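Trainee: any chance you can model this:
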Amino acid sequence: MQTLNLQGWIELYPEIATALTVILLLLVYLLARLVFGRGLTYIATQTKTKYDDMVVKKLRPYRASLLAPFIILYTFSYLAPGAMEVIQKISLFFILWLSILTLNGLLDAFNQIYESTPTFTGVSIQGYLDIAKIFSYMVGIILSISVITGDSPLVLLGGLGALTAILLLVFHDTIMALVASVQISANNLVKEGDWLEVPAFEADGVVINMNLHTIKIQNWDKTIAVIPTHKIMDTAYRNWRGMQESGGRRIMRSISLDQNSIQFCSPEMINRYCRIDMIADYITKRRQVIDQYIHEHGAPDSPLDGPQITNVEIFRAYIDAYLKQHPGIHHVPEMDFVIRELAPTASGLPVEIYVFSKTTKWDEYECIQAEIIDHLIAAAAFFDLRLFQQPAGSDFALAFRDQKTRDL
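Mentor: Presented below is the predicted three-dimensional model:
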């Protein structure tokens, strides 16, 4: 009976009823905002964990509080029979989309919590969450049309078959990105934190974000390169993750020796090299081989008869010994350790070192590499070797001055 009286009063005074309804709904929203919005925010600030802060930030409880007045409006829409259908449709529309936005906020919070855990290995789930968001938006669109038109969602879904070609055209990039994301994740090709080098996009840096459509790379010059996810499957790229996980970075550098300075070692040179502790044992063994040959065949008439030692051979032995005692170089079977000569060129005889440092940090790696090369360049002269480099203007000036001095 009271409901009938209230309905009759609403019909008699629709303007007053509308104004009171608006005021009531505003009060309900303020109450929900105070209890739900501020309550969650206060609880999150009082706890020590950071995960609830992430949830509150992405959930946006003040926006979610808008659900309360629309739920109240839908529940009591029967009090206005003449406008009940319109009120219900409007209420359901806003309830639907506020719920979808709240759900997507929770998905964002879940992703942020996942990436902030200590066990996070860089394998992103952002692509899968983006798929869930797209699905929720599609469901929201279908249900919204159903609410407005009054048709069943199943009827609308049945009509989508005729629109398949259009949907494939509209969502072409999304479908391509979805397939690429699944391949990347299934094969563990790229993850956040990887050092990625993609020459086609002039990208060389660290992957800072991966989602369904894009991969963001922060280059070493601090610029951001954005690569479509599906393009990464069609483009040649280099992932340095293997180097980072191995704990060693390759050093492959060579120094060029003047071939005119290479010679057989005289007894005086061998005696001098023997005083170098790191290669004393090596030279002693090589000298024993020569002495054994002389004992069996007599003194050779020519340096080309019998075994001999060259200064570049001693230099290579010294490089080997020097690097094996270097604290920054790996000496394990998994890391190649090679000192070799390359083919002679017009620029001299290259002696190459192929080793791995014990660090993958860029600055430390560069320091170790520079220290080794500096030392070997300075040490070459002690083995009666000259380094080869293209002559500069000062070299010509010095030669001209020496010639002029001799002429005088």
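Trainee: could you list the buried residues of the helix or strand that contains residue 52?
Mentor: In this assignment (DSSP states H and E), residue 52 forms part of helix 51-59. Judged by neighbour count using 16 or more other CB atoms under 10 Å, the buried positions of helix 51-59 are 52, 54, 55, 56, 58, 59. All C-beta spots, glycine's among them, are computed from the backbone N, C-alpha and C.
Trainee: repeat that for stretch 242-262.
Mentor: 248, 249, 250, 251, 253, 254, 255, 256, 257, 261, 262.
Trainee: the residues you listed in strands, which ones?
Mentor: The members of these that map onto strands under DSSP state E are 249, 250, 251, 253, 254, 255, 256, 257.
Trainee: got a list of contacts for the helix holding residue 52?
Mentor: 40-41, 43-45, 102, 105-106, 108-109, 112-113, 116 (CB atoms under 8 Å, 6 or more residues apart in numbering).
Trainee: among the residues you listed, name the buried ones.
Mentor: Among those, those classed as buried by neighbour count (16+ other CB under 10 Å) are 40, 41, 44, 102, 105, 108, 109, 112, 113.
Trainee: mind checking which of those are in helices?
Mentor: Cross-referencing the buried ones among the contacts of helix 51-59 against helices under DSSP state H gives 40, 41, 44, 102, 105, 108, 109, 112, 113.
Trainee: spatially nearest residue to the second one (excluding sequence neighbours)?
Mentor: Leaving aside its chain neighbours, residue 41 sits nearest to residue 56 (5.8 Å; criterion: CB to CB, 6 or more residues apart in numbering).
Trainee: how close does the one you found get to residue 271?
Mentor: 79 Å (CB to CB, to the nearest Å).
Trainee: how about the strands of the stretch 51-200 of the chain, start to end?
Mentor: Taking DSSP state E, counting those that start in this stretch as the criterion, the stretch 51-200 of the chain carries its strands at 195-198.
Trainee: quick one, helices of it?
Mentor: Secondary structure of the stretch 51-200 of the chain by DSSP state H, counting those that start in this stretch: the helices cover 51-59, 61-64, 67-75, 84-116, 126-149, 153-159, 164-170, 172-187.
Trainee: want to throw those helices into JSON lines with mean pLDDT?
Mentor: Supplementary listing: the helices of the stretch 51-200 of the chain in JSON lines, determined by pLDDT from 0 to 100:
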{"stretch": "helix 51-59", "mean pLDDT": "74"}
{"stretch": "helix 61-64", "mean pLDDT": "78"}
{"stretch": "helix 67-75", "mean pLDDT": "80"}
{"stretch": "helix 84-116", "mean pLDDT": "82"}
{"stretch": "helix 126-149", "mean pLDDT": "77"}
{"stretch": "helix 153-159", "mean pLDDT": "62"}
{"stretch": "helix 164-170", "mean pLDDT": "62"}
{"stretch": "helix 172-187", "mean pLDDT": "77"}
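Trainee: dump those helices to a markdown table, plus distance to residue 237.
Mentor: Shown next, in a markdown table, are the helices of the stretch 51-200 of the chain (distance: least, CB to CB, whole Å):
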| stretch | distance to residue 237 |
| --- | --- |
| helix 51-59 | 32 |
| helix 61-64 | 40 |
| helix 67-75 | 45 |
| helix 84-116 | 22 |
| helix 126-149 | 18 |
| helix 153-159 | 40 |
| helix 164-170 | 28 |
| helix 172-187 | 11 |
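Trainee: do you know which of those lies nearest residue 391?
Mentor: Ranking those by distance to residue 391, with CB to CB as the measure, places helix 172-187 first at 52.3 Å.
Trainee: and the closest one with helix 126-149, angle?
Mentor: Using axes from the mean of the first three to the mean of the last three CA atoms, to 10 degrees, the interaxial angle of helix 172-187 with respect to helix 126-149 works out to 140 degrees.
Trainee: against which helices or strands is helix 172-187 packed?
Mentor: Helix 172-187 makes packing contacts with helix 126-149 when contacts are defined by 3 or more CB pairs under 8 Å, 6 or more residues apart in numbering; DSSP states H and E.
Trainee: tell me what angle the helix it packs on forms with helix 84-116.
Mentor: 180 degrees.
Trainee: give me the contacts around stretch 101-120.
Mentor: The list of residues contacting stretch 101-120 from outside it, by CB under 8 Å, 6+ apart, reads 50-51, 54-55, 57-60, 63-64, 67, 124-126, 129, 132-133, 136, 192.
Trainee: per-domain residue ranges of this structure.
Mentor: Taking automatic domain parsing as the reference, the chain has its domains at 2-184, 186-241, 249-394.
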